[in-house]
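Participant: kindly generate the corresponding structure for this input.
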Amino acid sequence: MRFRESDLKSHQHGVIGLGDNYIKLDGTISLPICLGAGDTRRSVMVDFVVLKDSTAYNIILERKIINEFLAVICTKFITMKFVPDKGTVGSIRGDLEAAVACGNASLSLRRESKKAAGVFLADLDVRIEDKSRPESEGDMEKFQIGKSAEQFTFINKNLPHELKGPFMEVVRANSDLFAWTPSDMPRLDPEVMSHRLAVKPDAKPVAQQRRKMSQERANEVAKQTVGLLKAQFIKELEYSTWLSNVVLVKKASGK
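Facilitator: Okay, the predicted model is just below:
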């Protein structure tokens, strides 16, 4: 379209890509869009967000723009009806084969984007280094420590009986040392451990746009938040402008 980088306007916010990964914008640009021709023509100026992401579509119109065209879309017949500048009703029909091809390509790109997002989130975990993690040796079996079946750990099933039995007894006798949920170790003393942000006094604060996440991740965040509230690890504050975006990182166990 013969535009240059200098034609783009800066934009401080980002967007969420197909795999829930955060994408920084290249900028924004205002362009006219025309639907139809002749008496069934309608023109609207649209502010486009320009970004690089894996998608089968060159342009995606948001609901606000569709409303400005006074348009109604029927996905079954791949048809858009809209009100032209001179009134009456205009119509645009899509191509079924092209729509199916774009849909299939979009699903494929979404899967690839999710894989890339998983790698990105793993990179945020400071525990993941070039050092190898210790691994258990031999076949392991599960044995219950606490009152609940979910309170368990593992022991080498090939240990001699004279070692295995006493070891399990010692672990069960000290089951109160295990913390299964945040509520099992409430109110950590700040003198033991605390965290603060090292922010420069002259730094200008920038509010980030809220990032959406999948329903599965949102449910997990809500579950973890409830546990932290009950344990009084965190407390609710009314600073909605400066809320940080939650990032979920997979544990070594895959959870």
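
Participant: sec struct for S106, please.
Facilitator: S106 carries the three-state label helix when classified by DSSP: H, G, I helix; E, B strand; the rest coil.

Participant: and the pLDDT at it?
Facilitator: Among the per-residue scores, S106 shows a pLDDT of 72.

Participant: just checking, it touches Y57?
Facilitator: Yes - with the criterion set as CB atoms under 8 Å, S106 and Y57 qualify as a contacting pair; they are 7.3 Å apart. Using the backbone N, CA and C atoms, a C-beta is placed for each residue, glycine as well.

Participant: pLDDT below threshold where in the stretch 51-200 of the chain?
Facilitator: Where the stretch 51-200 of the chain drops to pLDDT under 70, the residues are 53-56, 109-134, 136-137, 187-188.

Participant: would you map the helices across it?
Facilitator: Listed from the start of the chain, the stretch 51-200 of the chain has helices (DSSP state H, counting those that start in this stretch) covering 63-68, 96-123, 161-173.

Participant: helices or strands next to the last one in the packing?
Facilitator: Spelled out, it's helix 161-173. In this structure, helix 161-173 makes packing contacts with strand 152-156, judged by 3 or more CB pairs under 8 Å, 6 or more residues apart in numbering; DSSP states H and E.

Participant: walk me through the domains of the protein.
Facilitator: Following the assignment in automatic domain parsing, the chain carries domains at 5-123, 138-178, 180-199+222-237.

Participant: on that earlier part again, S106 and Y57: who's more crowded?
Facilitator: Ranked by neighbour count (other CB atoms under 10 Å), S106 and Y57 place S106 first, with 14 against 9.

Participant: that one and G36: what is the separation?
Facilitator: 26 Å (CB to CB, to the nearest Å).

Participant: what's the most buried one of the domains of the chain?
Facilitator: Burial of the domains of the chain is given as mean neighbour count (mean count of other CB atoms under 10 Å); domain 5-123 ranks first at a mean of 13.

Participant: out of the domains of the chain, which gets nearest to A207?
Facilitator: Comparing those against A207 with CB to CB, the closest turns out to be domain 5-123 (8.8 Å).
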